[in-house]
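J.: Predicted structure and sequence below. I'll ask about it afterward.
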Amino acid sequence: MKSNIEINNKEFSGKRVLVTGGTKGAGKAIAERLALGGANVITTARTKNDEQEPNIHFIQADISTREGVDHVVDEIINRFNGVDILINNAGGSSAPNGGFAALNDQHWDNAINTNLLAAVRLDRGLLPVMLAKGSGVIIHIASIQRSLPLYDSTLPYAAAKAALTNYSKSLSNEVSPKGVRVLTVSPGFIQTEAAETFIKNIAESTGTDYETGLQKLMDSLGGIPMGRPAKPTEVAELVAFLVSARAAYITGTEYVIDGGTIPTI
């Protein structure tokens with residue numbers, strides 16, 4: 001889905017960008033938005049999406065593993081001499097429902113490797129080029145669950161995203177004086193294809209329609225004052241602003257895009 005916002009197709013001209021998990025959902029929207037702005041975009045994921053824009057480069061890898069990250073870093077250094085913008089978007093939860101007692105060490109390891117260590121390892125591999133150049137932007141995509149966890153279903157994911165946010169702030173304090181900005185973007189419920197499938201499953205299992213299933217899911221999050229989930233393109237627009245020269249003085253902060261879901265200041 002393309003944004004209706006007028007786009008400067010030269011804003012990111014000459015910029016090399018890596019978007020992890022950039023073949024679907026918000027990651028795909030971010031990759032396509034930056035490519036429309038003139039960036040040379042690379043994505044990475046376990047599998048390729050045939051609907052990916054042809055001008056976006058793809059590196060197949062499982063970055064939840066050290067070997068996968070090493071492969072991506074080597075490819076980018078060898079083919080592109082590094083990146084100017086790194087969007088650590090890959091993440092997700094595969095843990096079962098049932099709270100803490102349903103979780104074993106593997107569930108926790110999977111969540112931490114995917115949602116925290118993948119970003120840490122990619123930063124470690126790609127930051128030296130940014131620091132040598134004295135410029136760059138890193139965005140860590142976290143989640144409102146880092147402060148509003150759903151203990152029954154996504155406890156390891158929420159804990160890993162909380163750690164990612166803390167790490168992101170610490171990293172910004174270290175590298176911002178050297179010219180590299182580091183920020184966190186924490187979305188709430190995004191209406192991706194995976195979310196739509198989940199909603200349809202809720203509707204079928206409860207004998208209701210799609211709209212009722214959507215409302216049940218929003219209610220489980222405590223409600224969304226905007227009355228709907230975010231569109232992937234809306235998250236992409238926020239990221240596009242933050243990595244642009246228009247946000248040159250912004251670093252070390254977290255931007256929440258949740259339609260008002262978090263009920264506190």
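T.: Perfect, thanks for sending it.

J.: Give me the helices and strands touching the helix or strand harbouring residue 30, please.
T.: Element membership of residue 30 [criterion: DSSP states H and E] is helix 25-36. For helix 25-36, the packing partners by 3 or more CB pairs under 8 Å, 6 or more residues apart in numbering; DSSP states H and E come out as strand 16-20, strand 40-45, strand 85-88, helix 232-243. Every residue, glycine included, has its C-beta placed from N, CA and C.

J.: For residue 213, report the pLDDT, please.
T.: Per-residue pLDDT puts residue 213 at 83.

J.: Quick check: what element follows the one helix or strand residue 164 maps to along the chain?
T.: If you go by DSSP H and E, residue 164 is part of helix 155-175. The C-terminal neighbour of helix 155-175 among helices and strands, as given by DSSP H and E, is strand 180-187.

J.: Need the mean per-residue confidence for that next one.
T.: If you average the pLDDT values across strand 180-187, you get 98.

J.: what's the next secondary structure element after that strand?
T.: helix 193-206.

J.: could you check the angle helix 25-36 makes with that following helix?
T.: Orientation check (axes from the mean of the first three to the mean of the last three CA atoms, to 10 degrees): helix 193-206 against helix 25-36 gives 150 degrees.

J.: now helix 193-206 against helix 232-243, angle please.
T.: Counting by the same axes, to 10 degrees, helix 193-206 lies at 150 degrees to helix 232-243.

J.: which helices and strands does the helix or strand just after helix 193-206 pack with?
T.: Using DSSP H and E, the next helix or strand after helix 193-206 towards the C-terminus is helix 210-220. In terms of contacts (3+ CB pairs under 8 Å, 6+ apart), helix 210-220 is packed against helix 193-206.

J.: Other residues contacting the helix it packs on?
T.: Helix 193-206 has contacts (CB atoms under 8 Å, 6 or more residues apart in numbering) with 24, 25, 189, 208, 209, 210, 212, 213, 214, 216, 217, 229.

J.: Among these, name the buried ones.
T.: The neighbour count (16 or more other CB atoms under 10 Å) marks 24, 25, 189, 213, 214, 217, 229 as buried among the contacts of helix 193-206.

J.: With adjacent residues omitted, what lies nearest to residue 261?
T.: The shortest distance from residue 261 to any non-neighbouring residue, by CB to CB, 6 or more residues apart in numbering, is to residue 188 (4.4 Å).
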